[in-house]
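>>> Could you look at this predicted model? Sequence included:
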Amino acid sequence: MGSRKGSAACGGGEYLGLDPQQPDEDPYNSKRSYVHARLEDKPLPDLMAIARRVVDEYGDDDLQPLLAQMGLHGVCGELKNLIFAADGPKPQIVLPDSISNTIRIVKNEQYCLVYDQPLEDRGLSWQDLVTWWVRQQLKHSGDPRQARISLRGRLRRSLDNNGAELLVFDTYLKLGFDLPALIPQVYLHYDPYPKSELGGANRLARQRMDFLLLMNHRARAVIEIDGIQHYARPADRAAAQQPGAGWLPDPARYAPMVAEDRELTLQGYEVYRIGGRELCDDTAAEMLTDFFVRLLRRHGHTDSS
């Protein structure tokens, strides 16, 4: 960014998310020092947001390619329908208005939740989700604490007593309330036809993701918990139901999974996989806490609760 553009942007930078210029700050004394002082404490996501606004307002042939190369970017397109917390049969969906991508669940609606509110640039927070939940459960409208407990219970129920996924969910909850919500069992892809009508074939590698985080600046992170069934098959069909049954590597099962990860990454998602074995150690909660703190910090989120 040229020094004139930088000082101009920082000098009148309230709309960029900067504090107002102070009387003793002179951008024309030393433009480089002035811009550096104004921006040095900003986390990377905030710097990128400022840079985008500078490009939109002033244009910059040098800054635009740098933004395009950055790894922290969001997913193109607006969030329309977030179908999550699935705890039963797959919902049956119709499109009353295909142009606007408006959906209606016509069967099994009781087995999932649908968040259909506009998404803020900061993503989807626990507070946003609780506010929406109260609209669905008016009995909690006068009791925010009970609303949070009720929502937590409904989300945990979708994990179907899966110890590994419950550990991930409960560990994240302990980080605080003023953070992006960790959304479980999300339909990121959807095929309306069951496998029974497709001759047992899968047209989509996977439709439901373990967890999703919607963060600052359209950043979306998919978090998958991988048990052995993700990359291996039982050594013997008859022994598959027996405790301690042997497993064999299964490249045919593994390949579609990593191909789908590549596709999601190219669409702008971040994909993080946690091996089920990692969650068996005594240090699992500590490892998860460190992972989530670093991920949230990377995207400019800090808990203020």
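Good, I have the coordinates. Numbers count the residues shown, from 1 in each chain.

>>> What is the burial count for Asp62?
Applying other Cβ atoms under 10 Å, we find 9 residues neighbouring Asp62. C-beta: built from backbone N, CA, C; applies to glycine.

>>> Look up phi and psi at it.
Reported as degrees, to the nearest 10, the phi and psi values for Asp62 are phi -90, psi -40.

>>> Can you show me the strands along the stretch 101-250 of the chain?
102-107, 113-115, 182-187, 208-214, 220-226, 232-234, 247-249 (DSSP state E, counting those that start in this stretch).

>>> Nearest to Phe84, out of these?
strand 182-187 (4.5 Å; Cβ to Cβ).

>>> Could I get the buried residue list for the closest one?
Leu182, Ile183, Pro184, Gln185, Val186, Tyr187 (16 or more other Cβ atoms under 10 Å).

>>> Now render the strands of the stretch 101-250 of the chain as CSV, adding mean pLDDT and distance to Ser125.
What follows is the strands of the stretch 101-250 of the chain, written out as CSV (pLDDT from 0 to 100; distance: least, Cβ to Cβ, whole Å):
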stretch, mean pLDDT, distance to Ser125
strand 102-107, 84, 23
strand 113-115, 92, 12
strand 182-187, 95, 11
strand 208-214, 93, 9
strand 220-226, 94, 14
strand 232-234, 81, 38
strand 247-249, 84, 40
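
>>> on that earlier part again, would you list the buried residues of strand 182-187 in a markdown table and tack on distance to Arg277?
Below are the buried residues of strand 182-187 laid out as a markdown table (distance: Cβ to Cβ, whole Å):
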| residue | distance to Arg277 |
| --- | --- |
| Leu182 | 21 |
| Ile183 | 25 |
| Pro184 | 21 |
| Gln185 | 22 |
| Val186 | 24 |
| Tyr187 | 27 |
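
>>> of all the strands of the stretch 101-250 of the chain, which lies closest to Val271?
strand 220-226 (4.9 Å).

>>> so what's the residue most central in space within the chain up against?
For the chain, the residue sitting closest to the mean C-alpha position, by Cα atoms, centre = their mean, is Leu213 at 2.0 Å. For Leu213, the contact set (Cβ atoms under 8 Å, 6 or more residues apart in numbering) comprises Gly123, Pro180, Ala181, Leu182, Ile183, Ala219, Arg220, Ala221, Ile223, Leu295.

>>> how much space is there between Pro96 and Val106?
10 Å (Cβ to Cβ, to the nearest Å).

>>> Output the strands of the stretch 101-250 of the chain in CSV, with distance to Ala164 appended to each entry.
Formatted as CSV, those follow (distance: least, Cβ to Cβ, whole Å):
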stretch, distance to Ala164
strand 102-107, 29
strand 113-115, 22
strand 182-187, 12
strand 208-214, 9
strand 220-226, 5
strand 232-234, 16
strand 247-249, 17
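
>>> I'd like to know which of those is closest to Tyr269.
Comparing the strands of the stretch 101-250 of the chain by Cβ to Cβ, strand 220-226 comes nearest, at 5.1 Å.

>>> May I have that closest one as CSV, with CA atoms only?
Output in CSV follows, covering the C-alpha atoms of strand 220-226 (Å, rounded to 0.1, in the frame of the first residue of the first chain):
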residue,chain,number,x,y,z
ARG,A,220,-15.6,-21.7,8.1
ALA,A,221,-13.8,-24.6,9.8
VAL,A,222,-15.0,-28.2,9.5
ILE,A,223,-13.8,-30.5,12.3
GLU,A,224,-14.0,-34.2,11.9
ILE,A,225,-13.4,-36.9,14.5
ASP,A,226,-11.9,-40.0,12.8
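
>>> Are there helices or strands packed against it, and which ones?
helix 163-173, strand 208-214, strand 270-275 (3 or more Cβ pairs under 8 Å, 6 or more residues apart in numbering; DSSP states H and E).

>>> neighbouring contacts of that strand?
Under Cβ under 8 Å, 6+ apart, the answer for strand 220-226 is 74-75, 162, 164-165, 168, 182, 188, 209-215, 264, 268-276, 279, 295.

>>> now do 6 Å
75, 164-165, 209-214, 269-276 (Cβ atoms under 6 Å, 6 or more residues apart in numbering).

>>> what do you get for stretch 86-96?
Contacts of stretch 86-96 (Cβ under 6 Å, 6+ apart): Thr102, Ile103, Arg104, Ile105, Val106, Lys107, Asn108, Tyr111, Cys112, Arg157, Ser158, Gln185.

>>> how does it look with 8 Å?
Stretch 86-96 has contacts (Cβ under 8 Å, 6+ apart) with 83, 101-112, 157-158, 160, 185, 187, 190, 192, 194, 208.
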